[in-house]
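A.B. asks: dropping the sequence and predicted coords here.
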Amino acid sequence: MPTHEHYMQRAIELAERAVGNTSPNPLVGAVIVRDDAIVAEGWHKQAGEAHAEVDAINNATANGYSTEDATIYVSLEPCSHQGKTPPCTNAILNAGFSKLVYATSDTNTKARGGAEILRAAGIEVVGGICEEQARQVNRFFFHYQAYSTPYVIAKFASSLDGRTATRNGDSQWITGPESRQYGHLARQAVDAIIVGAQTAIADQPQLTVRNPDAHPYSDPAHPIRIVLDSSGRVPLSNSLFNQSLPGNTIVVSTNAMPEKHAHKLAELNIEVIKLPCSPKANNQTNAETKNYPDVKLLLKELGQRGMQSVLVEGGNTVVGNFLDHALINEVWAFIAPVLIGGNDASPSVGGLGFETLALAPRLTNVSVEYLNNDILVKGRIANDSTAEFNRVFK
Ligand SMILES: NC(=O)c1ccc[n+]([C@@H]2O[C@H](COP(=O)([O-])OP(=O)(O)OC[C@H]3O[C@@H](n4cnc5c(N)ncnc54)[C@H](OP(=O)(O)O)[C@@H]3O)[C@@H](O)[C@H]2O)c1
C-alpha cells in the first residue's frame, strides 16, 4: 500500500508546476485518494485562481469521483480565511473528506489554523509529511512571512578559478548553453531581478525569462527588472529601458541622480526609487563607505510592495554589497572548467568581504548538479547572520 510520503511527493510535484506564478501566494499541490489510488489532482496556478484543494475537488467532480470519505493530501495546511477565494477548510468540509494529510503548517497569520478547524470538525488530520521538502519549495513564502522582506538568491557564472570576466572585461560566455538555460529557471522563480549599473551598461541585458520549458501559465511581464544606478549613469538608450520589453523596469538610485534624468526615465514609464546611501556594512569595522543606494532599505521597500523573492544577477560589485550586508539567503554558482587567471580579472563576489574565515558564511543544504561540462553548486547561507540581520533590520 502506498505511503503518505508517496502521495505527498506527488502533491509537492504538482505545487512546483506553478513556480514563479503564484506570488504572493504559496505554491500548493493536492491529490485526492480513494481505495489506495489517486482519483484527482490539483494545484494552485496563479494568485486569484482556485486553491489546490478546490482545483483537486473540481477535477474529482468533473471526472465523476465522489470525495465523500476520501483522503486529501495537501502540500500546505489548508487556509482558513476568505481572501480572493473562499476558505479551503469550507471546501474540504463540504466535500465530505474523512481524512486530511498535509506537509507543513501555514505561517500566514490570516490563513493559518486550518488543520485545527478541520480536526475540531471531526476530520482525521495528519501533519508534517515531507515537511522539509515542502518548506524548501515555499522558502520564499516562509521567509517573507517571517521577515516581510524578499528572500535573496545570488547567481553568478565563473571560471574554475572564480573569475567572472578576463582582465579586459571579456565575460560572454564563461559557461555553456545548458547553464545559461538553467539560469532562466531562477529568473522564472523570483519576483524581481537585480543588476548593477555596470552590468546594465556592459551586457545590455533584457533580464526576461526565456525558458522553453516555462509552464503555460507564465506571465510574460514577470519578473520585474531592477537596476542599481546611484547617479543615473545608465543611458536612456540602455536595453533595460527598451519600451518593447514586457513588464516593468525600476531604477534604484540616490539623490545624486539629476532630476532631469529622473524625469526622462519617468517619460519612458521607468519608475525611479531614490534611497539613502548605504551605511557601513554591518560586519566590517573599517569599511570603506560608498555612495550606493542602501540595499537593506531596498529590500524593505520591495517587501512593502509584496515581493517575496529577488535574484541578484550581478555583477560582482553588487553581489559583494549584498554579501557584505548579510542579505544573501541562497547561492547558485555556475562553474565552468576554464582558467582565466589574472589579479585584475573580476571575481565572482566583490565588495569588502570578510576578515576571517570564521565570519565567512558557509553554505548548507548544498546540492551539486552537472550541466554538460559545467557544475552548478546551490546552497543556502549557513550561519544565522542573515536571519539575525533581517530581524534587527525589520
Ligand atoms: N559571470 C557572471 O555571472 C556575471 C553576471 C553579471 C555581470 N557580469 C559581468 O560583470 C561585469 C560588471 O560587474 P561590476 O562588478 O563591474 O559591476 P556591477 O556589479 O554590475 O555594477 C556595479 C555598479 O552598480 C552601481 N551600484 C549602485 N548601487 C549599488 C550597490 N548597492 N552595490 C553595488 N553597486 C551598486 C555602482 O555604480 P554607481 O556608483 O555608478 O551607481 C557600481 O559601480 C560586467 O563585465 C558583466 O559582464 C558577470
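C.D. replies: Ah, there it is.
A.B. asks: ramachandran coordinates for residue 33?
C.D. replies: Main-chain torsions, residue 33, degrees, to the nearest 10: phi -120, psi 130.
A.B. asks: which residue, other than its chain neighbours, is closest to it?
C.D. replies: Nearest residue to residue 33, sequence neighbours excluded (C-beta to C-beta, 6 or more residues apart in numbering): residue 71, at 4.7 Å. Placement of C-beta: from N, CA and C, glycine included.
A.B. asks: count of neighbours near the one you found?
C.D. replies: Using other C-beta atoms under 10 Å, residue 71 has 20 other residues around it.
A.B. asks: in the sheet, who's paired with it?
C.D. replies: Beta bridges link residue 71 to residue 33, residue 99, judged by DSSP bridges.
A.B. asks: contacting residues for it?
C.D. replies: Counting by C-beta atoms under 8 Å, 6 or more residues apart in numbering, residue 71 makes contact with 32-34, 97-101.
A.B. asks: are any of those buried, and which?
C.D. replies: 32-34, 97, 100-101 (16 or more other C-beta atoms under 10 Å).
A.B. asks: strands of the chain, start to end?
C.D. replies: Taking DSSP state E, the strands of the chain run over residues 29-34, 37-43, 71-74, 99-102, 124-126, 151-159, 192-196, 224-228, 249-253, 271-274, 309-314, 330-336, 363-371, 374-381.
A.B. asks: can I get those in a markdown table with distance to the ligand and mean pLDDT?
C.D. replies: Output for the strands of the chain, formatted as a markdown table (distance: least, C-beta to the nearest ligand atom, whole Å; pLDDT from 0 to 100):
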| stretch | distance to the ligand | mean pLDDT |
| --- | --- | --- |
| strand 29-34 | 32 | 97 |
| strand 37-43 | 32 | 97 |
| strand 71-74 | 38 | 98 |
| strand 99-102 | 39 | 97 |
| strand 124-126 | 44 | 96 |
| strand 151-159 | 4 | 98 |
| strand 192-196 | 2 | 98 |
| strand 224-228 | 3 | 98 |
| strand 249-253 | 7 | 98 |
| strand 271-274 | 12 | 98 |
| strand 309-314 | 2 | 96 |
| strand 330-336 | 7 | 98 |
| strand 363-371 | 14 | 97 |
| strand 374-381 | 12 | 97 |
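A.B. asks: among those, which is the most enclosed?
C.D. replies: Highest mean neighbour count of the strands of the chain: strand 71-74, a mean of 28 (counted as mean count of other C-beta atoms under 10 Å).
A.B. asks: how close does residue 23 sit to the ligand?
C.D. replies: Distance, residue 23 to the ligand, by C-beta to the nearest ligand atom, to the nearest Å: 24 Å.
A.B. asks: ok, now residue 170?
C.D. replies: For residue 170, the distance to the ligand (C-beta to the nearest ligand atom) stands at 8 Å.
A.B. asks: residue of the stretch 251-394 of the chain nearest the ligand, please.
C.D. replies: Going by C-beta to the nearest ligand atom, the ligand is nearest to residue 315 of the stretch 251-394 of the chain, at 1.9 Å.
A.B. asks: and the nearest residue to that residue once chain neighbours are set aside, how many neighbours?
C.D. replies: Take residue 315 and drop its neighbours on the chain: the residue closest to it by C-beta to C-beta, 6+ apart is residue 199, 4.6 Å away. For residue 199, the number of neighbouring residues by other C-beta under 10 Å comes to 24.
A.B. asks: what of the one 10 residues further on?
C.D. replies: A total of 23 residues lie near residue 209 under the criterion other C-beta under 10 Å.
A.B. asks: ok, the one 5 residues further on next?
C.D. replies: Residues contacting residue 214 under the criterion other C-beta under 10 Å number 18.
A.B. asks: next one: residue 216
C.D. replies: 7.
A.B. asks: same question for the one 3 residues further on.
C.D. replies: Other residues lying near residue 219 total 13 when counted by other C-beta under 10 Å.
A.B. asks: which residue is the nearest non-sequential neighbour of it?
C.D. replies: Excluding the flanking residues, the one nearest residue 219 by C-beta to C-beta, 6+ apart is residue 21, at 6.7 Å.
A.B. asks: and that neighbour, what is it in contact with?
C.D. replies: 45-46, 215, 217-219, 222.
A.B. asks: so among those, which ones count as buried?
C.D. replies: Buried subset of the contacts of residue 21 (neighbour count, 16+ other C-beta under 10 Å): 45, 218, 222.
A.B. asks: can you add pLDDT and distance to the ligand and give those back as TSV?
C.D. replies: Shown next, in TSV, are the buried ones among the contacts of residue 21 (pLDDT from 0 to 100; distance: C-beta to the nearest ligand atom, whole Å):
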residue	pLDDT	distance to the ligand
45	94	32
218	76	23
222	88	20
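A.B. asks: surely residue 54 and residue 87 touch.
C.D. replies: No: counting by C-beta atoms under 8 Å, residue 54 sits too far from residue 87 to count as a contact (10.1 Å).
A.B. asks: centre of the chain versus stretch 135-149, how much separation?
C.D. replies: Remark: stretch 135-149 is offset 9 Å from the chain centroid, using C-alpha atoms, centre = their mean, to the nearest Å.
A.B. asks: residues near the closest residue to residue 159 other than its chain neighbours, how many?
C.D. replies: Of all residues beyond its chain neighbours, the one nearest residue 159 is residue 340 (4.3 Å), with distances taken as C-beta to C-beta, 6+ apart. A count of neighbours around residue 340, defined by other C-beta under 10 Å, yields 20.
A.B. asks: likewise for residue 75?
C.D. replies: Number of residues near residue 75 (other C-beta under 10 Å) recorded here: 33.
A.B. asks: all the helices of this structure, in order from the start?
C.D. replies: Counting by DSSP state H, the chain has these helices, from start to end: 4-16, 52-62, 88-95, 114-120, 131-137, 139-147, 177-189, 197-203, 259-267, 295-304, 316-324, 385-393.
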